[in-house]
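Engineer: missing the sequence, but the structure's below:
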């Protein structure tokens, strides 16, 4: 069964550093998403991406965040200057059309 | 009032029990409703969508009450493998989904 993959599974970084979280969505999917989940809290929507542009973003997704689909397979989330409060699990998701979203296993980001 | 509210639990039930979770939402314009399951430190996985007429999938039954703005999930004949956190998700007219904090279920032998 096709699945969304994410790398790395765990990223540790120093405050102020840039990080790039990578996702490979399911190959024929057209819609891509990033979510985050701070430990013990709810899943929060960050951004959706379709047709090579952002279609929706939440208040969390400020100027420190950016997304890119640099080639036909990868979908990345960049955090320019990480803060302690960016520590969380980051989930990528994708879907084909008006159907189920499939989530990746997540990247645990720890900012020291 | 929180946008999507769930009783965090935990609900601690024996195998074979029937358990029900409720979720309330504040936006009366919400259009789509879902239950997801999340195992510890894992990604959310769609359990079922919730339709106005109610729907059933095996041991799981979901219901929507628009007038009172809540959705419910009923699990019959609980299995040990049902132990997880159950997330209520609500979407309005735009794409942006709102997740509840989840209800923790522990099924014991």
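Structural biologist: That came through fine. Computed from a predicted structure; not experimentally measured.
Engineer: any low-confidence regions in chain B?
Structural biologist: Applying pLDDT under 70 to chain B flags the ranges B:1-2, B:93.
Engineer: near chain B, which residues of chain A?
Structural biologist: A:41-45, A:48, A:55-56, A:58, A:89, A:91, A:100-101, A:103-106 (CB under 8 Å from any CB of the partner chain). For the C-beta atoms, the positions are set from N, CA and C on the backbone; glycine is no exception.
Engineer: Tell me which of the residues you listed fall in strands.
Structural biologist: If you go by DSSP state E, the residues of chain A next to chain B have A:43, A:44, A:45, A:48, A:55, A:56, A:89, A:91, A:103 in strands.
Engineer: As TSV, these with pLDDT and neighbour count would be great.
Structural biologist: Output for these, formatted as TSV (pLDDT from 0 to 100; neighbours: other CB atoms under 10 Å in any protein chain shown):
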residue	pLDDT	neighbour count
A:43	96	24
A:44	96	19
A:45	95	22
A:48	94	24
A:55	93	14
A:56	92	15
A:89	98	20
A:91	98	26
A:103	95	23
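Engineer: so residue B:90 touches residue B:32, yeah?
Structural biologist: Yes - applying CB atoms under 8 Å as the test, residue B:90 and residue B:32 come out as touching, 7.3 Å apart.
Engineer: more neighbours, those two?
Structural biologist: Between residue B:90 and residue B:32, counted using other CB atoms under 10 Å in any protein chain shown, the more crowded position is residue B:90 (23 against 15).
Engineer: List the contacts of stretch B:85-103.
Structural biologist: Residues from elsewhere that reach stretch B:85-103 (CB atoms under 8 Å, 6 or more residues apart in numbering or on different chains): A:41-45, A:48, A:55-56, A:58, B:3-11, B:21, B:23, B:25, B:27, B:29-40, B:44, B:47, B:71, B:73, B:104-105.
Engineer: same question, stretch B:5-13
Structural biologist: For stretch B:5-13, contacts defined as CB under 8 Å, 6+ apart pick out B:19, B:21-26, B:78, B:86-88, B:100-108.
Engineer: Next, give me the two most distant ones among the ones in strands among the residues of chain A next to chain B.
Structural biologist: Pairwise distances across those (CB to CB) peak at 22.9 Å, for the pair A:55 and A:89.
Engineer: check which helix or strand covers the residue positioned nearest the centre of chain A.
Structural biologist: In chain A, the centroid-proximal residue (CA atoms, centre = their mean) is residue A:34; its distance is 3.5 Å. Assigned by DSSP states H and E, residue A:34 belongs to strand A:31-37.
Engineer: If we go by neighbour counts, what in that strand is buried?
Structural biologist: Within strand A:31-37, the residues scored as buried using 16 or more other CB atoms under 10 Å in any protein chain shown are A:31, A:32, A:33, A:34, A:35, A:36, A:37.
Engineer: Each with direction, which strands does it pair with?
Structural biologist: Here strand A:31-37 is paired, per DSSP bridges, with strand A:43-50 (antiparallel), strand A:88-95 (antiparallel).
Engineer: would TSV of those with distance to residue A:12 be doable?
Structural biologist: Formatted as TSV, the strands paired with strand A:31-37 follow (distance: least, CB to CB, whole Å):
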stretch	distance to residue A:12
strand A:43-50	20
strand A:88-95	13
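Engineer: which residues does residue 20 bridge with?
Structural biologist: You didn't pick a chain, so chain A it is. Using DSSP bridges, the bridge partners assigned to residue A:20 are residue A:78.
Engineer: oops, I was thinking of chain B
Structural biologist: Here residue B:20, judged by DSSP bridges, has bridge partners residue B:74.
Engineer: I am finished for the moment; much appreciated.
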